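A.B. asks: just need the structure, nothing else, for what follows:
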Amino acid sequence: MASLTTVPLQRGLPGGSLLALVVTFLGVWVFYAVTLHLAATFFIGEVRSQRAAYAGVVPAIVSLLLQRYGVASVGIVSPGLGVGIVVVATVLADAAAIARVYDLPRRATVALTLLHLAFATALGIALANLFGML
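C.D. replies: Okay, the predicted model is just below:
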């Protein structure tokens, strides 16, 4: 019986198997959901964690799709500008998901989105330092 590393789980995606893509998506989704729940608890107060799970899927999908198939892969813009476009699109998608799931007014949505960005940045930097990626 062949090991999992020798059997391709998905053809047509160079450098990534289906298992790797699913695990990456789940990890990013959980990261966004946890940081959004922390930000919402800090900003709103007592909230159900399911709302963060519902809203966290949107920025996870947008960020992963844009990183994989977005502006950087086209080669039209520089990698630095591509990263900026991915960040802006992810934050806008996050704001739309927060507005829909939490049913907040526009100003509160902007505040919670920026707070979520701050929590995700702080936790992301901490985890990257912990695992030696920075």
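A.B. asks: only C-alpha atoms for contact and neighbour calcs from this point on.
C.D. replies: Fine.
A.B. asks: what residue ranges in the chain score low on pLDDT?
C.D. replies: Low-confidence segments of the chain (pLDDT under 70): 1-16, 70-77, 133-134.
A.B. asks: what do you get if the cut-off is 80, keeping everything else the same?
C.D. replies: Low-confidence segments of the chain, defined by pLDDT under 80: 1-16, 67-82, 133-134.
A.B. asks: show me the strands in the chain, by range?
C.D. replies: Using DSSP state E, no strands are found in the chain.
A.B. asks: OK, contacts around the residue nearest the centre of it?
C.D. replies: The centroid of the chain falls nearest to A60 when counting by C-alpha atoms, centre = their mean (3.4 Å). A60 makes contacts with 25, 28-29, 32, 90, as judged by C-alpha atoms under 8 Å, 6 or more residues apart in numbering.
A.B. asks: cutoff 6 Å now
C.D. replies: A60 sits next to 28-29 when contact means C-alpha atoms under 6 Å, 6 or more residues apart in numbering.
A.B. asks: starting from A93, give me the distance back to it.
C.D. replies: For A60, the distance to A93 equals 9 Å [C-alpha to C-alpha, to the nearest Å].
A.B. asks: all set now, cheers.
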